[in-house]
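> predicted model and sequence below, questions to follow.
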Amino acid sequence: NTDRLSKLTTNAGGSTVINTSSIKTVTDQTYNDAVKLDTNTTLDSNTNGNISFNTTLDSVTGETNAMLVNTSGTTTFDGLVGNTDRLSTLTTNAGGTTVINTASIKTVTDQTYNDAVKLDSSTILDSSTSGNVTFNSTLDSVTGETNSLLVNTSGTTTFNGLVGSTDRLSTLTTNAGGSTVINTSSVKTVTDQTYNDAVVLDTNTNLDSNTNGNVTFNSTLDSTSGETNSLLVNTSGTTTFNGLVGNTDRLSTLTTDAGGTTVINTSGVKTVTDQTYNDAVKLDSSTTLDSSTSGNITFNSTLNSVTGETNSLLVNTAGTTTFNGLVGNTDRLSTLTTDAGGSTVINTSSVKTVSDQTYNDAVKLDTNTTLDSSASGNVTFNSTLDSVTAETNSLLVNTAGTTTFNGLVGNTTRLSTLTTDASGVTVINTSSIKTTSHQTFNDAVNLDTNITLDSSTSGNVTFNSTLDSVTGETNSLLVNTSGTTTFNGLVGNTDRLSTL
């Protein structure tokens, strides 16, 4: 303490008991035998000396003592730490590196790594009384290795530096108690990342697995209170959300990459702006996807229920909801609903549900599409229905339920054709339906307002079943086409038209 030793070394036999508040050297401290702490202590080197524990490190039996290591060199743990008798806390300073080459480090409370940490072995960091485990600098595997990390604590696990950026971890797992704070731009592993506790994003971050690893959130996922941070998940494996996302503090954006699958097993995913699912999405629960500031919600691949289930989807945004892949083609959704704000772009050949499809916002067709309900569900358009600008796309509705048009159809950009199947009913509650070619109503048609059906290129307008006004009303029909208008069913037999 008064005049430093040059270095301190103990041999490989026996044990070393440290019952003093500090040991100071100019360079290295090397403990080749088992070390026992009999008091809280600081080990200090003032010229980048290495401090090495080549065997076990514990408190003296019946005690829990703290250790602080101060060096700009390398601190190495080559033996079990706290396995017999836990340390109280373990802290390394902000200079140098800590190498963990042991299966476990156990403390009663906090573990704070202020310097860069390198894993030379797969390891478990464990706190028995809700201590915080904090990485204030980078966390990597040793060069040429890929080692796994499991953090067990009911406290807070915090990553304040890049994880796996230089040398990836094999896997990263946090236990089910406490929370994990991610305050770094990326966490990179070779395989799985499993967050069993609540995750809080303290910055925009990218979670990345380079060999089809699964990225799993088994509890809630939020931004830090007062912030809105974005998440990008890059993996060709499965990304799973098993807890509410953004329910307490919304994410800014949520994006998954084009490889693999995303499983949504939570009732709500909330962002401030965009949600972009570039991979196949599977619903493992009925869910609501919500953007609070007109963000776009985009499905760039398929959307299905999990095998053996039929789950519903509600999309709430004043932005654009886009379906670029088949919906319900492998495993149908139960229902599909979009809210009244914004627009829905359907750029897929089919959308299949068991029951209802309800489009409360403006719908634009970006390809020819079929909307299909297998159990007499209602297909409802509560706003306008058009083709995408400069296109003319066709719509086929297959349901034994009721198909309802409550908004103008093709008024801005005409559909190519409009067809309803032979089962169920079509209710027309809009002043006009415009197509370039045919309109074929194979089911019973009920007029809920005065209507004009218009084809601009000699398309045929065909009624293959009955045509009536809605009960209690008398509504008029005007058909504009240079093609053939055909009435194959009774007209006005149940409820007369006003004029035809």
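That came through fine.
> for V215, what are its contacts?
Applying Cβ atoms under 8 Å, 6 or more residues apart in numbering to V215 gives the contacts D192, Q193, L207, S209, V233, T235, G237, T238, T239, T240. For glycine as for every other residue, the C-beta is placed from the backbone atoms N, C-alpha and C.
> for it, give the beta-bridge partners.
V215 has these beta-bridge partners by DSSP bridges: Q193, T239.
> what's the spacing between it and D290?
According to Cβ to Cβ, to the nearest Å, V215 and D290 sit 22 Å apart.
> over to F487?
F487 sits 46 Å away from D290, going by Cβ to Cβ.
> same deal with Y195?
22 Å.
> repeat for T91
42 Å.
> higher neighbour count, the two?
With neighbours defined as other Cβ atoms under 10 Å, T91 and D290 compare such that D290 has more, 22 against 18.
> now name the helix or strand holding the more buried one.
Here D290, judged by DSSP states H and E, is contained in strand 287-291.
> helices or strands up against that strand?
Judged by 3 or more Cβ pairs under 8 Å, 6 or more residues apart in numbering; DSSP states H and E, the packing partners of strand 287-291 are strand 268-271, strand 313-316.
> tell me what the helix or strand following the first one is packed against?
Read that as strand 268-271. As assigned by DSSP H and E, the chain's next helix or strand after strand 268-271 is strand 275-277. Applying 3+ Cβ pairs under 8 Å, 6+ apart, one finds that strand 275-277 contacts strand 254-256, strand 297-299.
> so which of these is nearest N493?
N493 lies closest, by Cβ to Cβ, to one member of the helices and strands packed on strand 275-277: strand 297-299, at 43.7 Å.
> can you tell me what sits against the closest one?
Residues contacting strand 297-299 (Cβ under 8 Å, 6+ apart): 274-277, 281, 289, 291, 315, 317, 319-325, 327.
> buried set for stretch 374-389?
Going by neighbour count (16 or more other Cβ atoms under 10 Å), the buried part of stretch 374-389 is G377, N378, V379, T380, F381, N382, S383, T384, L385, D386, S387.
> likewise for stretch 211-230?
Under the neighbour-count criterion of 16+ other Cβ under 10 Å, stretch 211-230 has 213-223, 227-230 buried.
> what's the answer for stretch 403-421, then?
Residues of stretch 403-421 classed as buried: 403-411, 413-421 (neighbour count, 16+ other Cβ under 10 Å).
> next one: stretch 7-17
L8, T10, T16.
> bridging residues for the first one?
Taking DSSP bridges, one finds Q29 as the beta-bridge partners of L8.
> next: the last one.
Listed beta-bridge partners, T16: V35 (assigned using DSSP bridges).
> ok, it - contacts?
Contact analysis of T16 by Cβ under 8 Å, 6+ apart lists T10, Y31, D33, A34, V35, K36.
> repeat that for 6 Å
T16 makes contacts with T10, Y31, D33, V35, as judged by Cβ atoms under 6 Å, 6 or more residues apart in numbering.
> so for stretch 394-402, mean pLDDT?
The average pLDDT within stretch 394-402 is 98.
> chain center to it, what's the gap?
Chain-centre distance of stretch 394-402: 32 Å, with Cα atoms, centre = their mean, to the nearest Å.
> name the nearest residue to T435, sequence neighbours excluded.
Leaving aside its sequence neighbours, T435 sits nearest to L415 (Cβ to Cβ, 6 or more residues apart in numbering; 4.8 Å).
> ok, the one you found to S455 distance?
L415 sits 10 Å away from S455, going by Cβ to Cβ.
> mutual contacts of these two, please.
Common contacts of L415 and S455, defined by Cβ under 6 Å, 6+ apart, comprise T435.
> can you give me the strands in the stretch 401-500 of the chain?
402-405, 418-420, 425-428, 432-435, 439-441, 444-447, 451-455, 461-463, 467-469, 477-480, 485-487 (DSSP state E, counting those that start in this stretch).
> since that was my last question, I'll sign off now.
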